[in-house]
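**Q** Give me coordinates for this.
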Amino acid sequence: MNKAFDITVFGATGLTGKNIVKHIYELSLNKPEFYKAANAPDNSGASFRWAIAGRNKHGLEQVIEEMEQLFPNASVSRPSILIVNVTQREQLNDMTRQTKVLINAVGPFRFMGEYVVRACVENGCHYVDVTGEPEFVERMQRTYQDKAKANKVTIVHSCGFDSNAKLIQTSIWLFSCTQVPTDIGVLYTKSLYTKHGWKPNQIEMFLKIHTGPAGLRGGFATFESAVHGFGSAKLLKEIRKASVMKPLPHPDGQKLVFHKGVHYDKEFGYHVPFFFADPSIVRLSQQIFYNNLAFTDSHKSQNAVPPPVQFAAYLLLPSLWAVILFTVFGYIFSFLASRPWGRNLLLKNPEFFSYGIFSRNHPTKNQLEQTSFEIILRSKGYDHSLTPKYNVPPNRSFKVVVRGPELGYVATPRIVLQCALTILYNQKSENTIPNGVLTPATAFWQTDLIDRLRQVGITYDISI
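**A** Next comes the predicted model:
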């Protein structure tokens, strides 16, 4: 079916969506070759056809005018405008019938995301989003996996950073998740072992946020997703109980100790558990691989399926004072977010309950420029076969460090756009991306996504 648009950005007037549109323009100046179609005669990007979508025509027109003023020499063409309300099924159907790959930035996803996923599955439109809501991701995987595969549609959740975790850094709150850097980082770490013929056993993730004098600020939609995400933990457990996928096998070798509270690591310092999306996404990726759902019908992998490992995720805190703040504010947030009246109170007073970091005001340019992230993946494994259930200490190790700019509004547009472009051009050539409802690792494990991310400032390095 011939479709009008290569990519459509849905929710283009929101903070995240607008930054995705901005990055599309910006990338066309810095790296126009990313928009080269398979049959294009040059790298101009002129053959790249795209659209932006949302409820408000005037707001969409303002976004385009602002971007054309910021990037007058952009090589991409002016995007078309699609008027789409997420609650109007026919409008969603019309958008997805015209689009090859949809970038969905309309949240909270647990309330509005399924409408969009269903329209994409039914109308043959590939899909990526920036959700960090595990309950939504796993519910979509259970509900639409078979139909998406039958309709040859690829749905990839969590292609960026989003909210659902509670962090404190330099005595302030930051809600963030790191799904693509972590999920792809775990995949990359496993590949280092398999290249040597070794077996990975465990991976610990440590997230570090670097901030500047301007501090941090997050959008209200992020705070809202975090509040509702905490309240849906019980539902996630019920979804997993109903899963028909085979559970992961019990790992051989040494058991990874998970530190449930505040802990001091000799190498990295104070850390606390990182409970939300990253561990859930990594777990789901391993389960999808284990159930052989990460293959295409026409392409047989030349690579071994990544083996399952034990995984734990932590947030690094810079000082004992940050640990105290985390404990106090974490208890207050947890108590309120688990009760309907408490969630209402949190949503009415985001600045007060987030130590001033979340409000309806957008982050400033200085705040975005001064913030960056670092993810350390510390792994252990074996260079020999193991006797099942024998608790022998690992004798091999790797450390992978993932680095990038500000998480939510700088890194996310770069990551989600590269995921969308990878799907777009892979379908025309290699066809190594499977159909179904997938995670980043299971969708992109046989692609050049890591190389693409490195070119836009998201680096993966081996640390000794």
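
**Q** Okay, strands next: where are they in the stretch 151-300 of the chain?
**A** 154-156, 167-169, 172-174, 199-210, 263-265, 269-273 (DSSP state E, counting those that start in this stretch).

**Q** mind listing what the last one pairs with, with the direction of each?
**A** Translated: strand 269-273. strand 263-265 (antiparallel), strand 310-316 (antiparallel) (DSSP bridges).

**Q** so what's the closest residue to Glu406 other than its chain neighbours up against?
**A** The spatial neighbour of Glu406 that comes closest, neighbours along the chain excluded (CB to CB, 6 or more residues apart in numbering), is Thr371 at 4.0 Å. Backbone N, C-alpha and C define where each C-beta goes, glycine included. Residues near Thr371 by CB atoms under 8 Å, 6 or more residues apart in numbering: Ile209, His210, Thr211, Gly212, Leu216, Pro405, Glu406, Leu407, Val410.

**Q** tell me the least confident of these?
**A** Within the contacts of Thr371, pLDDT reaches its minimum at Leu216, with 74.

**Q** Phi and psi next, for that residue.
**A** Per-residue torsions, Leu216: phi -130, psi 150 (degrees, to the nearest 10).

**Q** so Leu377, which of the three states?
**A** Put simply, Leu377 is strand when judged by DSSP: H, G, I helix; E, B strand; the rest coil.

**Q** just checking, it touches Lys190?
**A** No - here Leu377 does not reach Lys190: they are 10.1 Å apart, not a contact under CB atoms under 8 Å.

**Q** These two: who's more crowded?
**A** Neighbours of Leu377 and Lys190, each counted by other CB atoms under 10 Å, are more numerous for Lys190; the result is 26 against 23.

**Q** now that one, nearest residue through space, not along the chain?
**A** Pro306 (4.4 Å).

**Q** quick revisit: in JSON lines: the strands of the stretch 151-300 of the chain, plus mean neighbour count and distance to Thr439.
**A** Output for the strands of the stretch 151-300 of the chain, formatted as JSON lines (neighbours: other CB atoms under 10 Å; distance: least, CB to CB, whole Å):
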{"stretch": "strand 154-156", "mean neighbour count": "25", "distance to Thr439": "7"}
{"stretch": "strand 167-169", "mean neighbour count": "24", "distance to Thr439": "22"}
{"stretch": "strand 172-174", "mean neighbour count": "24", "distance to Thr439": "23"}
{"stretch": "strand 199-210", "mean neighbour count": "22", "distance to Thr439": "15"}
{"stretch": "strand 263-265", "mean neighbour count": "14", "distance to Thr439": "27"}
{"stretch": "strand 269-273", "mean neighbour count": "19", "distance to Thr439": "21"}
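
**Q** Reformat those strands as TSV; add distance to Pro350.
**A** Shown next, in TSV, are the strands of the stretch 151-300 of the chain (distance: least, CB to CB, whole Å):
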stretch	distance to Pro350
strand 154-156	29
strand 167-169	15
strand 172-174	10
strand 199-210	19
strand 263-265	29
strand 269-273	22
